[in-house]
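Undergrad: sequence and predicted structure are below.
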Amino acid sequence: MTTDGNKMQSELTFQTETKHLSLQDFKKALFSMHEGDFCNYHALKATFQNNREAYTAELNLLKVVDLKKMLSYTYSTKKADFIADILDGLESYFLVGKTVGYFLHGEGAETGDQAQNRVLNSVTEEDFLKWAEEKKAAIAARKKTFTNPETLEEFKSFIRVFGEAKLTPEQLSRYDALAGISHHAQKEQQQIKNVQSIGEEFTLNETKHTQKGHDLFVCSLNNRVEADVFKSLSQRAKLFGGYYSSYNKGGAIAGFTFLDKSSAEKFIGGGSNKEEVEARIEHKEQTRAEILREKGSKLVEEGEEELNRDRKANTHRRAAQAESAERKASNMIAFGKTLINIADGIEAGTINHLHKLSSITELETLKHVLNTAQYKHMREKNIRSENYERTEETALFVSIPYPVIYASNVLKHLNDCKDISGKKLASNRILSRLGSKETLTIDSWSLLEDYETVFCQTSVFWDKWSAERYKSSLAEVKRLKRLDLDTLPALRAAIREMIALTADKTPEQKAEAKLKALERSFIGKKIDGFFPTPEDLASKIVEEAEIVEGCTVLEPSAGLGHIAQAIREAHPDSKLTVIEQYNSLAEVLEAKGFNTINDDFLSHSEKYDRIVMNPPFENLQDIDHVMHAFSLLNDGGRLVAIMAGNKDGERAKIQDFRNFVESNGYMYKNDPDAFLSAFRSTGVQTITVVLNKQIR
């Protein structure tokens, strides 16, 4: 209690009969009475009894509407009755939790007021102290609930008062997990209850399979049952290894069918015990895990096969096709790994919300929910897609994908259905909910049934394609219901679980994909002298360079680094430098991890042991580049260059270069089609020039 409250109660202890408090001050002291002692209790009780008439007058000054706010409920209609109820309620606080019982007639008869006074006078110090401790504990628990809720009941109390929006993301995650687990447990207990409690009468028939000839045990219902009972019976049959068959031709018997008599008898009896039913449910989950792992492994295998397939990407069209195929393959692999992760979790017992997942279609529905939440998150936080990473925060934007109807599209159909047998009530209920609104979210199960009746069946007024479109929206919600994810907390908890299990690309894979996209962006771009070296030719000239350990190596005018990549693969420990004049190409080289110099090669002056190059060909630039490169070789160094095949001409510059090559090395022609399969395809004829710098 506050210091002022303690002071007030201390004063009351000595002025029990003369002290007057306003009603507001009295209520403050009364509701902190648990902080005082038994003496203060008596002081407050005397204050109330001595001032009841004054409090009546004070309340009488208020309006009826204000008096009603002081009562949780009332059966009264008169102002005087409201005031009496308020004061009686305050006085009952002094009962410290004790109940009042009395007889109106016979021996010991008394009025309600007499009975209440009797109980008030019987309150002992022990009664008061026990009540005070319980009150303090309740207040402490309430304070904890509203500051740091931990149990499901605490979270529910918090949400009732403040709403979900006041929970921190961490608290909401905890609440969703608890609420989801509770929801699943209730569904499972209901399933067990259904299995054990449906008391329908059956006839057990021992028969044979009409085609295969093996024994069958068919449980036939003696009477028709409601649809929901039949659904529960079907679930019970599956738990005991059976199924329902309506086939009744050629001597076959319709009913719930089993392969052995024991299972059929257990089905009729509702299961031998709860433990057996729980064991069967657990077995069913393990079977789901095996199915998911098999499907996931197949997807991974097919995806990797597709991803590793050789593809040409040297034109815009081919690059787009390759990118699309690789994206689909990567998604297939990620999807398969997610299925495997979920299967592992189910078997290990670490899956709490995805344990009923059993098909790719169900996972696709959850992926759709996740993708929608991701889009909302990105839009809300203004995050670009390339910078987005899924975290638990994504789950805050999850919503159940309820169907939405638009008045402009469906109003005529709804009015038409009012005259169709079987659709009248459903269409009227939807029309009533739609009212004058333009859109209506179908967000309750009763409304979903009406939605299915009106929109998901072909009729005179409704074509097949429209029905299929609406049926598709309903199917997603039905899948979530089958997965026990039909409440928002359970669905959010499942999405968090899925985010943790989703096999997203590693940072390295993301970087590789980004690099591929960046490389393909240069297809069709006109950059002077930019004709990347085909992979086979790059490997060949790197081998020709005879790089040894400790060599410093240069690739000038490196472009996208195809030669540099061949050098790195063949000699990963070499001291490799690349030079590229164009900024955009230099960025790609840096992204690939090369030691890159963004400058004009012809102004470069450092020395190297090996230079491997594919210089620009236009206007005999390749001669200038090779001659400058030769000047950068250390003594004993070697230069290997791909050059234009026009070095047999009569121009003085060509003749001088040819003589230089004859003095310092050799040249030979390359395959005439070598560059047709290159990143930037061309039919230009090329030669390879090898030059050695003598040791002086």
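TA: Nice, I can see it.
Undergrad: list the contacts of the residue most central in space within the chain.
TA: By CA atoms, centre = their mean, the mean C-alpha position of the chain lies nearest to Ile495, the distance being 2.9 Å. For Ile495, the contacting residues are 366, 369-370, 373, 394-395, 398, by CB atoms under 8 Å, 6 or more residues apart in numbering. Using the backbone N, CA and C atoms, a C-beta is placed for each residue, glycine as well.
Undergrad: could you work out the most separated pair of those?
TA: Farthest apart among those by CB to CB are Leu366 and Thr394. That separation is 12.6 Å.
Undergrad: show me the shaky parts of the stretch 151-300 of the chain.
TA: In the predicted model of the stretch 151-300 of the chain, residues 190-200, 270-286 satisfy pLDDT under 70.
Undergrad: my bad, the chain
TA: In the chain (pLDDT under 70), the answer is 1-19, 190-200, 270-286, 311-323, 458-462, 503-531, 673-683.
Undergrad: coming back round to it: the contacts of Ile495 in helices, which ones?
TA: Among these, the members falling in helices are 366, 369-370, 373 (criterion: DSSP state H).
Undergrad: of those, closest to Glu126?
TA: Out of the ones in helices among the contacts of Ile495, the member with the shortest distance to Glu126 (by CB to CB) is Ala373, at 56.8 Å.
Undergrad: thinking again about what came up before, which single one of the ones in helices among the contacts of Ile495 is nearest to Ile291?
TA: Among those, Leu366 lies closest to Ile291 (CB to CB), at 16.4 Å.
Undergrad: now do the nearest residue to the closest one once chain neighbours are set aside against Thr577, distance only.
TA: Spatial nearest neighbour of Leu366, chain neighbours left out: Met498 (5.8 Å); criterion: CB to CB, 6 or more residues apart in numbering. Counting by CB to CB, to the nearest Å, the gap from Met498 to Thr577 is 46 Å.
Undergrad: picking up where we left off before, PyMOL command to pick out the buried ones of the contacts of Ile495?
TA: Per 16 or more other CB atoms under 10 Å, the buried members of these correspond to this PyMOL selection:
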select buried, resi 366+369+370+373+394+395+398
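Undergrad: any chance of the contacts of Ile495 in JSON lines, plus distance to Asp176?
TA: Shown next, in JSON lines, are the contacts of Ile495 (distance: CB to CB, whole Å):
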{"residue": "Leu366", "distance to Asp176": "15"}
{"residue": "Val369", "distance to Asp176": "14"}
{"residue": "Leu370", "distance to Asp176": "14"}
{"residue": "Ala373", "distance to Asp176": "13"}
{"residue": "Thr394", "distance to Asp176": "13"}
{"residue": "Ala395", "distance to Asp176": "7"}
{"residue": "Val398", "distance to Asp176": "9"}
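Undergrad: before we move on, the earlier item: and whatever helix or strand the residue nearest to Leu366 lives in, what's buried?
TA: In the assignment (DSSP states H and E), Met498 maps to helix 488-501. In terms of neighbour count (16+ other CB under 10 Å), helix 488-501 has its buried residues at 489-499, 501.
Undergrad: secondary structure class for Asn205?
TA: strand (DSSP: H, G, I helix; E, B strand; the rest coil).
Undergrad: hey, where'd the strands end up in the chain?
TA: 202-208, 215-221, 243-245, 255-258, 404-406, 439-441, 552-555, 575-579, 596-597, 608-613, 633-644, 665-669, 686-692 (DSSP state E).
Undergrad: what's the closest of those strands to Lys423?
TA: strand 404-406 (14.7 Å).
Undergrad: and that closest one, how far out from the chain's middle?
TA: 25 Å (CA atoms, centre = their mean, to the nearest Å).
Undergrad: got it, and stretch 429-444?
TA: So, by CA atoms, centre = their mean, the centroid of stretch 429-444 is 28 Å from its chain's centroid.
Undergrad: likewise for stretch 628-648?
TA: Centroid separation for stretch 628-648 versus its chain: 58 Å, with CA atoms, centre = their mean.
Undergrad: could you pull out the helices in the stretch 451-600 of the chain for me?
TA: Counting by DSSP state H, counting those that start in this stretch, the stretch 451-600 of the chain has helices at residues 464-482, 488-501, 507-520, 535-544, 562-570, 583-591.
Undergrad: contact partners for Glu476?
TA: By CB under 8 Å, 6+ apart, the residues touching Glu476 are 365, 368, 401.
Undergrad: how's this protein carved up into domains?
TA: 3-135, 199-269, 401-485, 524-692 (automatic domain parsing).
Undergrad: out of the ones you listed, deepest packed?
TA: The highest mean neighbour count among these, using mean count of other CB atoms under 10 Å, belongs to domain 524-692: a mean of 18.
Undergrad: helices of the stretch 101-250 of the chain, start to end?
TA: Going by DSSP H, counting those that start in this stretch, the stretch 101-250 of the chain shows helices at 112-122, 125-147, 152-162, 169-197, 227-239.
Undergrad: so can I have CSV of these showing distance to Leu602?
TA: Putting the helices of the stretch 101-250 of the chain into CSV (distance: least, CB to CB, whole Å) gives the following:
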stretch, distance to Leu602
helix 112-122, 106
helix 125-147, 71
helix 152-162, 71
helix 169-197, 58
helix 227-239, 78
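Undergrad: how about those helices, which one is nearest Ser32?
TA: The nearest among the helices of the stretch 101-250 of the chain, by CB to CB, is helix 125-147 at 9.8 Å.
Undergrad: contacts for the closest one?
TA: Contacts of helix 125-147 (CB under 8 Å, 6+ apart): 33-35, 38, 41, 96-98, 150, 154, 157-158, 161-162.
Undergrad: same deal with stretch 619-633?
TA: By CB under 8 Å, 6+ apart, stretch 619-633 touches 529, 554, 556-557, 601-602, 604-609, 611, 613, 615-616, 639, 641, 643-644, 651, 653-654, 657, 660, 664, 689, 691, 693.
Undergrad: and what of stretch 593-610?
TA: Residues from elsewhere that reach stretch 593-610, judged by CB under 8 Å, 6+ apart: 545-547, 550-554, 556-558, 561, 564, 568, 576-581, 583, 586, 589-590, 624-625, 628-629, 632-634, 636-640.
Undergrad: quick check: of the ones in helices among the contacts of Ile495, which lies closest to Glu53?
TA: Nearest to Glu53 out of the ones in helices among the contacts of Ile495 is Ala373 (CB to CB; 62.3 Å).
Undergrad: show me the contacts for that closest one.
TA: Going by CB under 8 Å, 6+ apart, the list of residues near Ala373 reads 394-399, 495.
Undergrad: returning to what we had before: what angle separates the helix holding Met498 from helix 464-482?
TA: Counting by axes from the mean of the first three to the mean of the last three CA atoms, to 10 degrees, helix 488-501 lies at 90 degrees to helix 464-482.
Undergrad: may I have helix 488-501 as CSV, with CA atoms only?
TA: In CSV, the C-alpha atoms belonging to helix 488-501 read as follows (Å, rounded to 0.1, in the frame of the first residue of the first chain):
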residue,chain,number,x,y,z
LEU,A,488,-4.5,-17.6,-35.9
PRO,A,489,-2.1,-18.4,-32.9
ALA,A,490,-1.7,-22.0,-34.1
LEU,A,491,-1.1,-20.9,-37.7
ARG,A,492,1.5,-18.3,-36.6
ALA,A,493,3.3,-20.9,-34.5
ALA,A,494,3.4,-23.3,-37.4
ILE,A,495,4.8,-20.6,-39.7
ARG,A,496,7.5,-19.8,-37.2
GLU,A,497,8.3,-23.5,-37.0
MET,A,498,8.4,-23.7,-40.8
ILE,A,499,10.7,-20.7,-41.1
ALA,A,500,13.2,-22.5,-38.8
LEU,A,501,13.0,-25.7,-40.8
